[in-house]
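Chemist: Quick one, what's the 3D model for this:
(2 chains)
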Amino acid sequence: MTPPNVALPLPEAVVAPARPRRLGFAIALGVLVLLALAAAFPQLFTGTDPDAADLGATLAPPGADHWFGTDQNGRDLYARVVHGVRPSLLIGLGATALALVGGILLGTLAAQSGKVVDQLVSRLLDVLLAVPGLLLVFLVAAVMGASGFTAVIGLAVGALPGFARVARAEVLRLRGSAFVEAAHGLGWSRARVVFGHIVPNALPPVFALGTVSLGAMVVASSSLSFVGLGPKPPTAEWGAMLAAGRDFLSIAWWPAVFPGLAITAAVLAITVVGGRVQSGIERRGR
Amino acid sequence: MSGPLVRVRGLAVDFGAPAVRGVSFDVERGQVVAIVGESGSGKSVTARTLVGLAGETARIRADELTFDGIDLTGLGRRWRELRGRRIGLVVQDALGSLDPLRRVGAEVAEALREHRIVPRAAVGETVLDLLAQAGIPEPAVRARQYPHQLSGGLRQRALIAAALAAGPDLLIADEPTTALDATVQRQVLALLRERAAAGTAVLLISHDLAAVAELADHVHVMRDGVFVEEGPPSQVLAAPRHPYTRALLAAIPTAATRGRSLSGTIPSLDEPGGRPEPGREVVAVRGVAKAFRIRGRAPITAARDVSFTVRAGETLGIVGESGSGKTTVGRMLLGLVAPDTGTVAFDGQDWAALRGKERRAARRRVQMIYQDPLSSFDPRYTARQVVAEPAGHARVPELLGLVGLDEATVDRPARELSGGQRQRLAIARALAAEPEVIVCDEPVSALDVSIQAQVLDVLVDVQRRLGVAYVFISHDLGVVHHVADRVLVMRDGEVVESGDVTEVFARPRHWYTRELIAAAPGRAVAGAAG
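Modeler: Model (predicted):
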C-alpha cells in the first residue's frame, strides 16, 4: 500500500517487456522459411509425385524408400506433406488477408459515416460475432458447395468482425486527434485525410491482431478439411490427410501422425513469430 | 533540534549517465528552499533521492545525506517509516496521482490509517480538517467527490492535504503549480508558505524562477546536475552572478522585453523597419456566441457576444484562465467550431457561408499552432514529410530555414525532435499553407524558459518577414505582453476588456484584469530586470 502522494511513473527500464527468448524465435523463423519455400517450390524438397499411387506398397512404414511411409493408396506421405504446405497454409493466409481488408474497410466505413450507417454496420457485426465461426463456414459451404475457396470465404467472414471492431475503434480515436484536425486545417479533402492519415495510423493494431489470429486460422482451415469442407481429394491437404489416416491408426500410426506434426509445427511457428511481430508493432506504436 | 532537518553534501546520482553531479544544500525547519532548473537539469532526481524514489537503476553517492540525523543512504525497507509519514511528496500531475475510483476524502484518510496517526473514530473528522487546512472550501462536500469532479487547483490541494496528513516534517513539492492558472498557482504557493510558517520544511522544485522567487527563502539554480547559483531570491534575481542565471532571467518575457530578442538571435524590433505596420483587416469576428450542451447538464457558455478584428501583420493576444473560452474562440476562427450566433469573416467572407471546395481552400488561410505540437503531426512522419505534405519538397529547405531548423534534423521522425524543435516544425508547417492568420494556442506553455524564448523569437521574426497575423492565446500575461500588439481579456466566455496591450496592462479597467495582473508571477523579475 503506497500512500497516494508517491504514485510515480516507473522508470522505463522497469516496465519494458522482457526480451522474448531468442532460440525459440530463431527456430520458429527457420520453420516458417522452410514452409514458405515448400509452398513456393515443393520440387526443391521432393521429386516424388504426391498423387502417384503404388498399390503394391500400401501403408508401408517409414523407411529409406518412403521417409514418412505411405498411405492406404501407397502414396508417399513425405511428398504429400511437402506438397500439402501450399493448400494447407494458403487457406488460412488467404482468409486472414481477406478478413483484414474487409474488416478495415467496414470498420472505417462505420466510424466515418453517420449514426445510421454506423449502427447498421455495428449491429451486423454483432450478429456475425454471435454466430460460432465454424457454423458460419458450414453455412457458406452449404450455399456455395465445399471447396478451398468456400473455406477461405467462410473463415474470412467469421474473422472479419473482430478486425472491423478494432479498426472502427482506432479510426474513432484518431478522428479526434490533433494531427487529423491539422490535416483538415490544411484544406485536404475528407478522402485524403481518411486514407492518407487516419487509416494508415489505424492499421498497426489491426495487423497485430491479424498476425496472432493467423495460427488459429490455419488450425480452423485444417479442421474444415478434416470434416471434408476443404479442398477436394486427391489434393494433399494436412487436415484431409489426418482424417484419412485416422481410419488406419490401429494398424499404422504414420498416415495420421506426420500431417498432425506438420500442422502443429506450422501453427507453433506462426504463433511464435506472430507474437513477436505483434509486440514489435505495439512497441513502435508507443 | 540541532542543525538543519535535511543535510545534503556532495550528492551524485547516476543512471549510466550522470544526472546529479555533486550538489550540497540544507533545508531548515520552517524554511522554503527552492531548486530551479530546466528539463534535464537534475532537479527532480535530487528531490526524489530524498524520498528514496530516484528509481531502481539510480546509483546514488553522497558524502552526507541525512534527514533529522538519519542517514538516508542504504535505508532499504526503513524508507516506509519516513516516506509519507515524516516526508510528504506532492507531484505535478494531480489527476494522475489521485486514484480515479476513490473519493477525495478516502484518499486523504488512507494516509492517516496507513500511518496510524489518529484513532480510527477520529479519521473522518481529521480528513475534513486537513482538507480545510489545504484551503479547500466546503470540505465535507469535496471529501465525497471523485478527483475528476474537482478542478485542477482543488485536486492539487487535495494532494497537498494527503501529503500533509501524517504531519510530515518535510514537504517536497515537485512542480506543484505548473498545470495551474496563475490565480490558483498563487493560492497554492501561499498554502505552501503557510505550512512553512507553521514549522514544516518545504523543498520546492520548479522550472519557474519567477514563481518561486516570491515564495522561497533560499533559491538554488540548477543546470546539468550542479548548482550554478544560490542565495536568497532577492539577490539571485537582482544580482545574478552566473551567466546562466542571467540568460535565464533575460529569457523571461515581460513588459520590459517587448520588441527585444529574448534569446539574442534576432534583431530588435525597435530598429528602423523592425516592427511591421498593421495592414488591412483580415479577420472580423462579430458578436459570436457558443454554448456546448451536454445531455443532462446545464449548457456551458464558452463564448458570449465576442467581437474583434485582426489586421495583417499584427498580433492579437487573448488571455484568460482555463474555461474562459479563449480556445473556443480560436477554434471558431479555424472553422472547427461553428458559432451559434454571430459571424466569423475573412476579408468580408463569412466562414459559415462557405461549403465544399471553397471552404477547404479557405482553411489554408488560417492555420493553427498547438500547445503539444507532436500530437498535431502524423505519427508516421519525419520532419521533412510534415512540411512537405502541404508545401511540396522544393520548399522544405526554405521553410525550415525560416524557423531555424537545421538540415540534420529533417529526416528524423518528428517524435524524436526536442520540444523546441517540434514547435519550430509546427510553425514551418503552418507557414507552408501561406496563411494570413496563425492561431497560436498556448504555443510556448509546455516549454522551458530558454526554449520558449527561442520559439517566441522565431514567431516574431517570421511575422516581421512575412507579415502574417497572429491570434496568440495564452494564460501567461508576460508572454502576451511580450508578443502582442493588442489584447483581449476573457472570462467565462466574455471579453471583459480589450485594447492596446501596454495600455491594458498598465491601466487595467476591469477588476478581473487587475486580479490576473496581481497573480502573475513575473512582477518580481520584471522589477529586478527593469
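
Chemist: what separates the lengthiest helix in chain B from the chain centre, distance-wise?
Modeler: Longest helix in chain B by number of residues, with DSSP state H as the criterion: helix B:449-466. The gap between where helix B:449-466 is centred and where its chain is centred comes out at 18 Å by C-alpha atoms, centre = their mean, to the nearest Å.

Chemist: Following the chain past that helix, name the next helix or strand.
Modeler: Sequence-wise, the next helix or strand beyond helix B:449-466 is strand B:469-474, with elements assigned using DSSP states H and E.

Chemist: that older thread, now for the longest helix of chain B, which elements pack on it?
Modeler: helix B:243-250, helix B:419-432, strand B:469-474, helix B:477-483 (3 or more C-beta pairs under 8 Å, 6 or more residues apart in numbering or on different chains; DSSP states H and E). Bear in mind the C-beta positions are built from the backbone N, C-alpha and C, glycine included.

Chemist: buried sites along it?
Modeler: Applying a neighbour-count criterion of 16 or more other C-beta atoms under 10 Å in any protein chain shown, the buried positions in helix B:449-466 are B:449-464.

Chemist: Show me which of those is closest to residue B:323.
Modeler: Each of those was checked against residue B:323 using C-beta to C-beta; the closest is residue B:452, at 23.5 Å.

Chemist: In contact with that closest one, which residues?
Modeler: Counting by C-beta atoms under 8 Å, 6 or more residues apart in numbering or on different chains, residue B:452 touches B:251, B:253, B:262, B:444, B:479.

Chemist: switch the cut-off to 7 Å
Modeler: Shown here is residue B:452, whose contacts under the criterion C-beta atoms under 7 Å, 6 or more residues apart in numbering or on different chains are residue B:444.

Chemist: Mind pulling up the pLDDT for it?
Modeler: If you check residue B:452, the pLDDT there is 90.

Chemist: circling back to that earlier point, taking helix B:243-250 as reference, get the angle to the longest helix of chain B.
Modeler: With axes from the mean of the first three to the mean of the last three C-alpha atoms, to 10 degrees applied, the angle from helix B:449-466 to helix B:243-250 works out at 50 degrees.

Chemist: Hey, what's the angle from helix B:449-466 to strand B:469-474? Just curious.
Modeler: Helix B:449-466 runs at 160 degrees relative to strand B:469-474, counting by the same axes, to 10 degrees.

Chemist: so how far is residue B:40 from the residue nearest to residue A:133 when sequence neighbours are not counted?
Modeler: Taking C-beta to C-beta, 6 or more residues apart in numbering or on different chains as the measure, residue A:133 lies nearest to residue A:158, with 3.5 Å between them; neighbours along the chain are not counted. Computed as C-beta to C-beta, to the nearest Å, the residue A:158 to residue B:40 distance reads 52 Å.

Chemist: One more: residue B:309?
Modeler: In this view, residue B:309 and residue B:40 are 42 Å apart by C-beta to C-beta.

Chemist: Check residue A:186 too.
Modeler: Taking C-beta to C-beta as the measure, residue A:186 falls 33 Å from residue B:40.

Chemist: What are the neighbouring residues in contact with residue B:503?
Modeler: With contacts defined as C-beta under 7 Å, 6+ apart, residue B:503 is in contact with no residue.

Chemist: and if we set it to 10 Å?
Modeler: Listed by C-beta atoms under 10 Å, 6 or more residues apart in numbering or on different chains, the contact partners of residue B:503 are B:486-487, B:509.

Chemist: Helix or strand for it, just tell me which one.
Modeler: Residue B:503 is part of helix B:501-506 when elements are defined by DSSP H and E.

Chemist: Contacts only, for whichever residue of the stretch 201-350 of chain B sits closest to chain A.
Modeler: With C-beta to the nearest C-beta as the measure, residue B:334 is the residue of the stretch 201-350 of chain B nearest to chain A, at 6.1 Å. The neighbours of residue B:334, taking C-beta under 10 Å, 6+ apart as the test, are A:181-182, A:184-185, B:344, B:351, B:363, B:366-368, B:437, B:439, B:441, B:471.
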